[in-house]
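**Student:** Sequence and predicted structure are below.
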Amino acid sequence: AQKITQTQPGMFVQEKEAVTLDCTYDTSDQSYGLFWYKQPSSGEMIFLIYQGSYDEQNATEGRYSLNFQKARKSANLVISASQLGDSAMYFCAMRDNPGRHGSSNTGKLIFGQGTTLQVKP
Amino acid sequence: KAGVTQTPRYLIKTRGQQVTLSCSPISGHRSVSWYQQTPGQGLQFLFEYFSETQRNKGNFPGRFSGRQFSNSRSEMNVSTLELGDSALYLCASSQTGDGLQETQYFGPGTRLLVL
């Protein structure tokens, strides 16, 4: 079964420094997608970045980048130049092939337990 | 474009009651997924609707149900509420729901407290 593991329940980082949030995943599929979301205390999940299993380059989106190591099944999020507004919970999520094994797997993301990031001034 | 909206934002109910939550997707998005988020279980997939049909369902009891209307708006219903149903219920929309790299965009959630 597909699984996402985030081993860091909480992280601290100094403002303006970079931080890496870990994510490992488990799937037997060759085609899958990996997503990172940010959840502030307000509750809304904000999409940050996407990495496809066949993407040869690591995804980047502004201050966010992914350190994607397919052989190790890891997709760590790197936030550069941390800001106070980055304080939130961060979730790694996976989407596997929606049509796998003939069953419907549409619209479903599998989430990790999340990492709470606190940025110190 | 307006984002995903959910109403109400907060609800307090008592055990045994039922509740209906509403979700309006981003314009043009036809797939709506629902998730339950609790401190103990994290984020869990409830179900997904597309073109007024439930295409996928998570491992939740039959007390949890939903529907989708022709304008893609969706509702979920929880009957005979239990204390353990207290959670943040998140709705997410995407264009088709079956693209591997298709991003789901989430609403602000409905916080349900069952007393």
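**Tutor:** Received, thanks. Numbers count the residues shown, from 1 in each chain, chains lettered A, B, ... in the order given.

**Student:** residues contacting the residue in chain A that chain B sits nearest to?
**Tutor:** Chain A approaches chain B most closely through A:Gly107 (2.9 Å), counting by Cβ to the nearest Cβ. (Each C-beta comes from the backbone N, C-alpha and C, glycine too.) Residues near A:Gly107 by Cβ atoms under 8 Å, 6 or more residues apart in numbering or on different chains: B:31-33, B:45, B:48-50, B:55-56, B:92, B:94, B:97-98, B:104.

**Student:** Which strand or helix spans the spatially most central residue of chain B?
**Tutor:** The centroid of chain B falls nearest to B:Trp34 when counting by Cα atoms, centre = their mean (3.1 Å). Taking DSSP states H and E as the definition, one finds B:Trp34 inside strand B:31-38.

**Student:** In that strand, which residues are buried?
**Tutor:** Judged by neighbour count (16 or more other Cβ atoms under 10 Å in any protein chain shown), strand B:31-38 contains these buried residues: B:Ser31, B:Val32, B:Ser33, B:Trp34, B:Tyr35, B:Gln36, B:Gln37.

**Student:** Given the least confident helix or strand in chain B by mean pLDDT, what are its sheet partners and their directions?
**Tutor:** For chain B, counting by mean pLDDT, DSSP states H and E, strand B:53-57 ranks last in confidence among helices and strands (a mean of 93). Partners of strand B:53-57 in the sheet, by DSSP bridges, are strand B:42-50 (antiparallel).

**Student:** residue contacts, the residue lying closest to B:Glu52 once chain neighbours are set aside?
**Tutor:** Nearest residue to B:Glu52 in three dimensions, chain neighbours excluded: B:Gln68, at 4.9 Å (Cβ to Cβ, 6 or more residues apart in numbering or on different chains). By Cβ under 8 Å, 6+ apart, the contact set of B:Gln68 is B:Val32, B:Tyr49, B:Phe50, B:Ser51, B:Glu52, B:Thr53, B:Gln54, B:Ser74, B:Glu75.
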